[in-house]
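> Need the 3D shape of this:
(4 chains)
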There are 2 protein chains.
Amino acid sequence: MNLEDVARLAGVSRSTVSRVVNGDRRVSDAARARVQLVIKEHAYHPNASARGLASRRTRIVGLVIPQVVIESFDDPWFPVVIKGALGACDDADLSMMLLMDRSLDDANATGLFGRVIHGRHLDGVVLASSTFDNPLAERLHAERFPFVLIGRSDRENWSFVDIDNRRAAAEAVSHLLGHGYRRPAMLAGPEVVIGAEDRLDGFRDAVAAAGLDGAHIPVRHLPFSQRSAYVAALDLFRASPRPDAFFAASDAMAIGVLQAARALDLRVPDDVAVMGFDDIEEGRAAQLDLSTVRQPASDLGSRAVAILASMIADPARPPVHEWLPTRLVLRGSCGCGFVNARMVESTTEGKRGEALVTQSSRVAELVAYSSPGG
Amino acid sequence: MNLEDVARLAGVSRSTVSRVVNGDRRVSDAARARVQLVIKEHAYHPNASARGLASRRTRIVGLVIPQVVIESFDDPWFPVVIKGALGACDDADLSMMLLMDRSLDDANATGLFGRVIHGRHLDGVVLASSTFDNPLAERLHAERFPFVLIGRSDRENWSFVDIDNRRAAAEAVSHLLGHGYRRPAMLAGPEVVIGAEDRLDGFRDAVAAAGLDGAHIPVRHLPFSQRSAYVAALDLFRASPRPDAFFAASDAMAIGVLQAARALDLRVPDDVAVMGFDDIEEGRAAQLDLSTVRQPASDLGSRAVAILASMIADPARPPVHEWLPTRLVLRGSCGCGFVNARMVESTTEGKRGEALVTQSSRVAELVAYSSPGG
DNA sequence: ACTGCGTGTGGGAGCGCTCCCACAGGGATT
DNA sequence: AATCCCTGTGGGAGCGCTCCCACACGCAGT
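From the prediction side, this is the model:
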């Protein structure tokens, strides 16, 4: 069953069928009705390859998974991004191809870069790897291949979606320090990841704003995993002076800190307070009572795809920089529970008013707080 | 840059270039060398759409994510399957498209089934949804579209890869009951999932083998999530008689049981023993000390793709039923820790000697065990 | 009547491959 | 010397679409 067959059965030309299939309005109602009937009765579906060949559009977009994520797939952040991206693809009538970073690194012809990008398998890609050094994006840009980053970039003409990591982190840490803790420590992510460094900068902003001397504050750069954080926290807990508040760059890491605290019989938040980042499902378990920063991982994926779709539709489109809102979620581990404060939530809007989701900000109503540490 | 251009530059015909590109051996060394040089110098890559149109092969396979998984993406099992599948695609020079189950359910022409399957976007699909009722597989089979299931099926002519859930579960529960617990309970998965029911059957096998009366043993059908298990376990702990051993159909559920035990100040494994299934990364954290059944999730994904690739290459190929090995991983929560037994591991080979991975079986050396429950 | 324009329709020429068939030339077989 | 096969090569005919151009037709403006 192909276009020609449908045309014959409907008593029209190939062109007319093509117009009906592609939603061209310049078709008479009578012809359209006949064609649609034939299409439905014979379950006709246009051949993707033929379409791709003729139109130079495959309607497939790629989602590139960074090597870091593939290695430790226990980070629940990425699956949620995938889910969001997949939903947006569905809405835009696109298909989504999953690609591994390393396949694209390959400078040779044999790698996926050649086969997939040069072979015009895809119309564009979403890159979830927002590292400072990004040779893949560099190359895509050089070849004028449409792409969107998840995670900001300094390059003005690259499109991205991101959250304001620095501001969100600063806000969270300011809240943490507001409970009176004086010896904060940070478990930061890998140094090459922009978002991780932004969270560290936000941490430093808050530390400075609290009037603490940043010079002696411990900061550890680690993979985004529970295990690495567990080990690092154990180590820091044995140091002197012992930290009384931890800011972790991800919830998985924060859970590692909680485990380390439990292993050493330290009470949370009495002996040590913990603030995470992400608001993953596991962290929401009642017993952990983990305070954290909620980020819209699913929206990050879906907005990236939506922007990519618009770039593909209009290559002349100027680059888009979209900031999504985060939200401080206060449970007990930051000290709110300890001081018997009322559970509060406050909100960080997306930067520069570009936020798509707007949420009303509830003012914190802390009943009282005291300094547990020193 | 296309085939024709390469041919002209190399001084050969289009056909010869095509042969070189596709690894046809019937080309002289001289001609091959010249063509390869031109290809390399001009970074030529065959156009995927044109190839697909002419050869009726896209070299893209789909991985269908079940609706259940997409909804609760906190189950770390599936990302690992994806990772394995992606690796196998890379090896076989295939691309992988991610699809949602619901898109395919759509009986209408507009759904992905029409666009992707009928539109010949794909050469085949891997279905990770191994439910008893599987209309999607039914339809694919009816249309002679290549597919492989992850999870067994009763249909003889459908290919699948799976683990022997029943035997692995029976072995795990037998071990658990071997420590002397007399009031086991099971937190089973959703009733529609074949693998979940197999684990339940294995549980019942072990219960019967231990001479216990299965009639009064609590079994709860739940989603594969930590939270649902937490709630169910709390409930069961309040019943009388209180269970003294839990078998959970997944590690996430087992962790929910551990949390419930902690919430009620029950000691593990003194007051209650717990056995999980999956051996996910989180479950390996030292403090949880969770005994479980390790399953090769990554291999499940990669083998499914490999089998699919062979089916695509040879459509006449008889269906493949492949069983991968599991392994009982004994930590403390099953009672081994409690009774001060030596840490042991034993192995379940894949059924019928079809196992790809063979591991030597270490004989359990339990020093002693006693019945904590009564 | 001639021109102009907007709408609906048809047909040709690709898009860049693969696959089949034809055929040249050299060596082995009759 | 004629025949056969085997290897290496070239060219034609698609694959099933999209896109462009041509053109018929009706209706207003001159």
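
> burial of the closest residue to DNA strand D within the stretch 201-350 of chain A, as a residue count?
Of all residues in the stretch 201-350 of chain A, residue A:313 sits closest to DNA strand D, with a separation of 11.7 Å (C-beta to the nearest atom of the strand). Any C-beta I mention is one placed from the backbone N, CA and C, and that applies to glycine too. Residue A:313 is surrounded by 12 other residues when neighbours are defined as other C-beta atoms under 10 Å in any protein chain shown.

> quick check, distance from stretch A:210-223 to the centre of its chain.
With C-alpha atoms, centre = their mean, to the nearest Å as the basis, the distance from the averaged C-alpha position of stretch A:210-223 to the chain average is 25 Å.

> contact partners of that stretch?
Residues external to stretch A:210-223 that are found in contact with it (C-beta atoms under 8 Å, 6 or more residues apart in numbering or on different chains): A:68, A:72, A:174, A:177, A:182-191, A:196, A:200, A:203-204, A:207-208, A:228-229, A:232, A:236, A:239, A:243, A:253.

> PyMOL command for the buried members of the residues you listed?
Command for PyMOL, covering only those of these found buried under the criterion 16 or more other C-beta atoms under 10 Å in any protein chain shown:
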select buried, chain A and resi 68+72+174+177+182+183+184+185+186+187+188+189+196+200+203+204+207+228+229+232+236+243+253
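
> Mind checking which of the contacts of stretch A:210-223 land in strands?
Counted as lying in strands by DSSP state E, out of these, are A:184-188.

> Around DNA strand D, pick out the residues from chain A.
Counting by C-beta under 7 Å from any atom of the strand, the residues of chain A close to DNA strand D are A:2-4, A:14-15, A:18, A:21-22, A:44, A:46-47, A:50-51, A:53-55.

> sorry, back to before: okay, the residue of the stretch 201-350 of chain A closest to DNA strand D and chain B: tell me how far apart.
The span separating residue A:313 from chain B equals 18 Å under the rule C-beta to the nearest C-beta, to the nearest Å.

> got it, and residue A:262?
Computed as C-beta to the nearest C-beta, the residue A:262 to chain B distance reads 7 Å.

> before we move on, back to that, filter the residues of chain A next to DNA strand D by proximity to DNA strand C?
When these are filtered against DNA strand C using C-beta under 7 Å from any atom of the strand, the residues retained are A:14-15, A:50, A:53-54.

> Those residues in helices, which ones?
Applying DSSP state H to these, the entries found in helices are A:14-15, A:50, A:53-54.

> Return the per-residue confidence for the residue nearest to residue A:208 when sequence neighbours are not counted.
Closest residue to residue A:208 in three dimensions, ignoring its sequence neighbours and counting by C-beta to C-beta, 6 or more residues apart in numbering or on different chains: residue A:214, at 6.1 Å. The pLDDT attached to residue A:214 in the predicted structure is 88.

> Equivalent analysis for residue A:224, please.
In the predicted model, residue A:224 carries a pLDDT score of 86.

> what sits against it?
Contacts for residue A:224 (C-beta under 8 Å, 6+ apart) come out as A:68, A:72, A:75, A:77, A:189-190, A:196, A:249-250, A:252-253.

> Leaving out the residues flanking it, which one is nearest to it?
If the residues on either side of it in the chain are set aside, residue A:224 comes closest to residue A:250, at 4.7 Å by C-beta to C-beta, 6+ apart.

> Which members of the contacts of stretch A:210-223 are positioned in helices?
Checking the contacts of stretch A:210-223 against DSSP H, those in helices are A:68, A:174, A:177, A:196, A:200, A:203-204, A:207-208, A:228-229, A:232, A:236, A:253.

> mind listing the helices for the stretch 251-374 of chain A?
Across the stretch 251-374 of chain A, reading from the start of the chain, the helices by DSSP state H, counting those that start in this stretch fall at A:251-263, A:297-313.

> buried residues in the last one?
Right, helix A:297-313. Going by neighbour count (16+ other C-beta under 10 Å), the buried part of helix A:297-313 is A:297-309, A:311-312.

> Same check on stretch A:124-144?
Counting neighbours by 16+ other C-beta under 10 Å, the buried set in stretch A:124-144 is A:124-131, A:134, A:136-137, A:139-140.

> before we move on, the earlier item: farthest pair in the ones in strands among the contacts of stretch A:210-223?
Between any two of the ones in strands among the contacts of stretch A:210-223, the greatest separation by C-beta to C-beta is 12.3 Å, found for A:184 and A:188.

> Quickly list what's touching both of the two.
Among the neighbours of residue A:184, those also in contact with residue A:188 (C-beta under 8 Å, 6+ apart) are residue A:203.
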